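**Q** would you be able to build a 3D model of this:
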Amino acid sequence: MLLRKITLEEFGAYRGKQSLDLSVKKNKPIVLIGGLNGCGKTTLLDAIQLALYGPRARCSGRGNKAYETFLRESINRQHDPARGSSITLEFTITVDAKEHYYKVIRSWRTSGKSLKEFLNVFVDEDYGNSAVPSQRSQSDLKYNRLLSEGWSDHVEDLLPLEVASLSFFDGEKIESLADPERAASVIESAVHSLLGVSTVEQLRTDLLALQRRQKLSDEEQHLMDTIHAHEREAASVQQDLDVAAQERVARSKDLRKAQRDLGDLEAAFKNEGGGLFERRLELDEARKRAAKQLADVRASLLQLAAGPLPFLLMGTQVKDLRKQAKQENSAAEAGQVLAVLTERDDWLLSLLPETTRGEVMAELEQDRAKRSKSTALKVDLDLPHDALAQLSVLDEVLVRDKKRATELLEQAAAAAEEVDQLDRQLAGVPEQSKVEALQLARDEQVHVVARIQDSMARDEQRITDLKRRREHVAAALERAHKNFVQTKVKAEEVERIIKYAEKARGTLERFGEALLQRHISRLEVAVLQSFKDLMRKRGLVHDLRIDTDKFTLTLSDADGEAIDPGRLSAGERQLLAVSLLWGLMKVAGNRLPSVIDTPLGRLDSRHREHLVDRYFPYASDQVLLLSTDEEIDEHLLGRLKKYVAHTYTLAHDDTDFTTRVVEGYWWNSGVTHVA
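**A** Next up is the predicted model:
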């Protein structure tokens, strides 16, 4: 199992939608997630388990709270509880060399005083056709109703809860496992569930249940009575089926006759104008609407005619008026120029000598005389100086009103035509007395046809039920005959089942003991090797044994003497707990992800380096580390960097107590601002 992505929406301290890409690569199995205490590392660990197991999840933040109370309190305090929260977990599972992609969405919201929870599971059955998860689109995932409804059972097949507790753990669990006595229960649970020993025990239990179910009855007469009862029931069902078939045939004839009568009434009603009669109210309403539309259009035309529109009838007069306005404007302009020229000529003559003044004066007077003629008008209407501008505005208004008038005239013609057409249709509506009787007869015949059709539907359902009952009785009768035949050989069969079940249980018991011993031996080697790899003092522990009855763990030195756990420091006991979990994962084949919260709590610098160098890169095919800045500091990050696929920092805002996910770790570029 490999986790691919997790998305938290309004969950706990996580405000809004926060996503983390958890996919890893070969030789880069680690996803490093940093966060100070209280920033949401444990909440993230809880979210993974909650998405998978719901009310059975062992969330550290739940305590003794009811599941519904825990979900209510998990909604971000700044978010509307009615809109709720959600967790989306995406992961892949490899089964029979084929990889399947799962997307599990668990959401909840409040509704009044109650809380509603929803679980939707999407799965890509053909996911194994692609080697790169990122190439798959959301459209490749299909909603699976059966998985969604039975997820609590299905997830136990994928990752049993007891096994998950060994894969998802925090510093507190490591602390508890540091005590060898407490570790016994974990070893027992892991060996049985993770390594398959419990399957052998379940097979032995199932065989015992099979033995207890084997009973022999020699009451052959009871079997014969059962056969006779089934034969009588079969005959009765067949008789009822024959009667029902005859009734269906008779009712089919009645239906055909009723439908013919209805067709005749429909034709007569139509010939008498029944269609128009039924539509008379509709036609009358349509006529009223058309008449109102015509009146509205005519009113609009009258309103338009009350404006400048009549000027369109005075085109010649408006044209002459525009010509007169131009002439008056020209005369006014010439008069103004003539006065200016007179002053100029007087000034110019005063500058000339007497010898040339007379000749120039004559020329200037002649020029003023010509200009004076242009100021004389045959007709002077004394039009205002902006008459031409007013006439231009009038032209624009007339163009607009002419277009609007044309549209209204077309609408009026269409409305008048519609009114005439509706009047003709209304004129063709027959009197009620002519069609009322036909209408009542037709409606009654419609009810008759409907009643017969309902009866036929009931007949069909009854025949279907009787056929199904006949098949059931026939199957029961066949079973009864087989039981009767098998009764005489059942004694021998029962004896054989009990004998071989007992033999199989003995074989499974011996196999279970051998399997347990084999797994314990492998686990001892794996845990010891892991412990030696992590320890600074390599010669301290020489051997490690696990008792197959009590599953207690015993350490011994080079002389074979048992080592008192009290001789181990707190850090060494913590390394022993880590070694136990690491050894279990090795024996299980590293097929599960390891999610570790606050992994380096009590360790000194040397032990921390050993875990960073020797454990985290090899703990599993996928390792999620939830660490503080003091656990994985800048020095350890440098040693771990080449094994890391992704880094994130949980940035917490102390003002509103919310957390957001930032790519990168404390000492990476891009997260230097995270406090």
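
**Q** could you point out which element follows the helix or strand bottoming out on mean pLDDT in the chain?
**A** The helix or strand of the chain with the lowest confidence, counting by mean pLDDT, DSSP states H and E, is helix 274-278 at a mean of 57. The C-terminal neighbour of helix 274-278 among helices and strands, as given by DSSP states H and E, is helix 280-305.

**Q** how far is that following helix from where the chain is centred?
**A** 52 Å (CA atoms, centre = their mean, to the nearest Å).

**Q** likewise stretch 501-512?
**A** That offset, for stretch 501-512, works out to 50 Å (CA atoms, centre = their mean).

**Q** pLDDT on it, on average?
**A** The predicted model gives stretch 501-512 an average pLDDT of 75.

**Q** repeat for stretch 58-75
**A** 87.

**Q** what about that stretch, start to end distance?
**A** Stretch 58-75 stretches 18 Å from its first residue to its last (CA to CA, to the nearest Å).

**Q** buried set for that stretch?
**A** Going by neighbour count (16 or more other CB atoms under 10 Å), the buried part of stretch 58-75 is C59, R62, Y67, F70, L71, R72, S74, I75. Bear in mind the C-beta positions are built from the backbone N, C-alpha and C, glycine included.

**Q** quickly list what the nearest residue to Y143 once chain neighbours are set aside is bridged to.
**A** Nearest in space to Y143, with sequence neighbours left out and distances taken as CB to CB, 6 or more residues apart in numbering, is F122 at 5.4 Å. Beta-bridge pairing for F122 (DSSP bridges): K103, Y143.

**Q** quick check on T552: phi, psi?
**A** Main-chain torsions, T552, degrees, to the nearest 10: phi -80, psi 150.

**Q** elements contacting whichever helix or strand L516 is part of?
**A** Element membership for L516, per DSSP H and E: helix 432-534. Secondary-structure packing of helix 432-534 (3 or more CB pairs under 8 Å, 6 or more residues apart in numbering; DSSP states H and E): helix 197-213, helix 220-271, helix 274-278, strand 543-546, helix 570-588, helix 605-610.

**Q** what's downstream of the fifth one, the next helix or strand?
**A** Just to be clear, that refers to helix 570-588. Using DSSP H and E, the first helix or strand after helix 570-588 is strand 594-597.

**Q** what is that following strand packed up against?
**A** Using 3+ CB pairs under 8 Å, 6+ apart: strand 594-597 touches helix 41-53, strand 168-170, strand 623-627.

**Q** run the angle between the helix holding L516 and helix 220-271 for me.
**A** Following axes from the mean of the first three to the mean of the last three CA atoms, to 10 degrees, one obtains 130 degrees for the angle between helix 432-534 and helix 220-271.

**Q** can you list the buried residues in stretch 76-91?
**A** Within stretch 76-91, the residues that qualify as buried are N76, H79, P81, G84, S85, S86, I87, T88, L89, E90, F91, counting by 16+ other CB under 10 Å.

**Q** if we can go back for a sec, deepest-packed of the helices and strands packed on strand 594-597, please.
**A** Burial of these is given as mean neighbour count (mean count of other CB atoms under 10 Å); strand 623-627 ranks first at a mean of 25.

**Q** which outside residues touch that one?
**A** 3, 22, 29-35, 41-42, 44-45, 170, 593-600, 616-617, 632 (CB atoms under 8 Å, 6 or more residues apart in numbering).

**Q** for ChimeraX, what selects the buried ones among the residues you listed?
**A** Here is the ChimeraX command that selects only those of those that count as buried (16+ other CB under 10 Å):
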select :3,22,29,30,31,32,33,34,35,41,42,44,45,170,593,594,595,596,597,598,599,600,616,617,632
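
**Q** max pairwise distance over the buried residues of stretch 76-91: which two?
**A** Using CB to CB, the pair of those lying farthest apart is P81 and F91, separated by 28.5 Å.

**Q** how about low-confidence regions in the stretch 451-600 of the chain?
**A** 484-495, 498, 536-539, 565-566, 589-590, 599-600 (pLDDT under 70).

**Q** right, so of the helices and strands packed on helix 432-534, which gets closest to A415?
**A** Nearest to A415, of all the helices and strands packed on helix 432-534, is helix 274-278, at 21.7 Å by CB to CB.

**Q** and the buried residues of stretch 58-75 as a markdown table, adding secondary structure and distance to Q390?
**A** Converted to a markdown table, these look like this (DSSP: H, G, I helix; E, B strand; the rest coil; distance: CB to CB, whole Å):
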| residue | secondary structure | distance to Q390 |
| --- | --- | --- |
| C59 | coil | 86 |
| R62 | coil | 87 |
| Y67 | helix | 85 |
| F70 | helix | 83 |
| L71 | helix | 79 |
| R72 | helix | 77 |
| S74 | helix | 78 |
| I75 | strand | 72 |
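
**Q** can I get the residues you listed in TSV including distance to Y665?
**A** Output for these, formatted as TSV (distance: CB to CB, whole Å):
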residue	distance to Y665
C59	26
R62	29
Y67	35
F70	31
L71	31
R72	34
S74	27
I75	29
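
**Q** which one among the residues you listed gets closest to T507?
**A** Out of the buried residues of stretch 58-75, the member with the shortest distance to T507 (by CB to CB) is C59, at 41.8 Å.

**Q** nearest spatial neighbour of that closest one, skipping sequence neighbours?
**A** D46 is the one closest to C59 (CB to CB, 6+ apart), at 4.0 Å.

**Q** so what's that neighbour up against?
**A** Applying CB under 8 Å, 6+ apart, the residues near D46 are G12, A57, C59, S60, G61, R62.

**Q** could you chop this protein up by domain?
**A** Following the assignment in automatic domain parsing, the chain carries domains at 220-273+453-503, 278-427.

**Q** and those, which one averages the lowest pLDDT?
**A** Looking at the domains of the chain, the bottom one is domain 278-427 with a mean of 75.

**Q** next one: that domain to chain centre, how far?
**A** 67 Å.

**Q** output the below-cut-off pLDDT ranges for the stretch 101-250 of the chain.
**A** Residues of the stretch 101-250 of the chain that meet the cut-off, pLDDT under 70, sit at 125-139, 170-186, 189-202, 204, 207-221, 223.

**Q** let's see it at 50
**A** For the stretch 101-250 of the chain, applying pLDDT under 50 flags the ranges 127-135, 216-218.

**Q** ok, back up a step: closest one to A325 out of the buried residues of stretch 58-75, please.
**A** I75 (80.4 Å).

**Q** pLDDT score assigned to the closest residue to the closest one other than its chain neighbours?
**A** Spatial nearest neighbour of I75, excluding adjacent residues (CB to CB, 6+ apart): S85 at 4.7 Å. Per-residue confidence (pLDDT) for S85: 95.

**Q** so S85 versus M224, what's the distance?
**A** Distance, S85 to M224, using CB to CB, to the nearest Å: 65 Å.

**Q** before we move on, the earlier item: looking at the helices and strands packed on helix 432-534, which is nearest to Y643?
**A** helix 605-610 (13.9 Å).

**Q** contacting residues for S19?
**A** Residues near S19 by CB under 8 Å, 6+ apart: K5, I6, T7, L8, V661.

**Q** what are the phi and psi angles of the closest residue to L309 other than its chain neighbours?
**A** Nearest residue to L309, sequence neighbours excluded (CB to CB, 6+ apart): D401, at 4.8 Å. In terms of degrees, to the nearest 10, the main-chain angles of D401 are phi -70, psi -30.
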